[in-house]
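Participant: pasting the sequence and the predicted model now:
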Amino acid sequence: MPDHFYVYPAYLGRGLARSDGRRLPEADALVEVTSQEILDSARRLGFKAELEADKQYPRRFFTYAGRVKVTKRAGTSKIGFLRAVAADVKKHRPAGAKK
């Protein structure tokens, strides 16, 4: 079993359907989230992460939004990680920015 998982911006994208890749409830999802925001948030949360900017999400093959490779930690599920990242990005976005 791999020691990492990948996070694509589509996982957190508000306005996307679940069939388009969104993994969080619409209320928790983010508007126009970027790979860089996910990377910064993962690092703030104490995860080892690296940006792979030239990658694309297979369900949205027409956009190169990149992805973030995150090293797993014991006791943290992927969905738990996604919820924590979404909350952290909302917290650190400038006032007046799209949440």
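Facilitator: Cool, got the structure.

Participant: Ala87: how many residues sit nearby?
Facilitator: 14 (other C-beta atoms under 10 Å). Just so you know, the C-beta spots here come from the backbone N, C-alpha and C atoms, and that holds for glycine as well.

Participant: and it, that one's in a strand?
Facilitator: No - using DSSP: H, G, I helix; E, B strand; the rest coil, the assignment for Ala87 is helix, not a strand.

Participant: give the contact list for it.
Facilitator: Counting by C-beta atoms under 8 Å, 6 or more residues apart in numbering, Ala87 touches Asp28.

Participant: quick one: pLDDT of it?
Facilitator: Ala87 is assigned 96 on the pLDDT scale.

Participant: residues contacting the closest residue to Ala49 other than its chain neighbours?
Facilitator: Spatial nearest neighbour of Ala49, excluding adjacent residues (C-beta to C-beta, 6 or more residues apart in numbering): Ala42 at 3.9 Å. By C-beta under 8 Å, 6+ apart, the residues touching Ala42 are Val7, Ala49, Val68, Val70, Phe81, Val85.

Participant: the last one and Leu39 touch, don't they?
Facilitator: No - judged on C-beta atoms under 8 Å, Val85 makes no contact with Leu39 at a distance of 9.7 Å.

Participant: which one of those two is surrounded by more residues?
Facilitator: Per other C-beta under 10 Å, whichever of Val85 and Leu39 has more neighbours is Val85, with 28 against 23.

Participant: quick check: Ala29 touching Val89?
Facilitator: No - in this structure Ala29 lies outside contact range of Val89 using C-beta under 8 Å: 10.5 Å.

Participant: please verify my assumption that Tyr6 contacts Lys72.
Facilitator: No - look at Tyr6 against Lys72 with C-beta under 8 Å: they stay out of range, at 11.3 Å.
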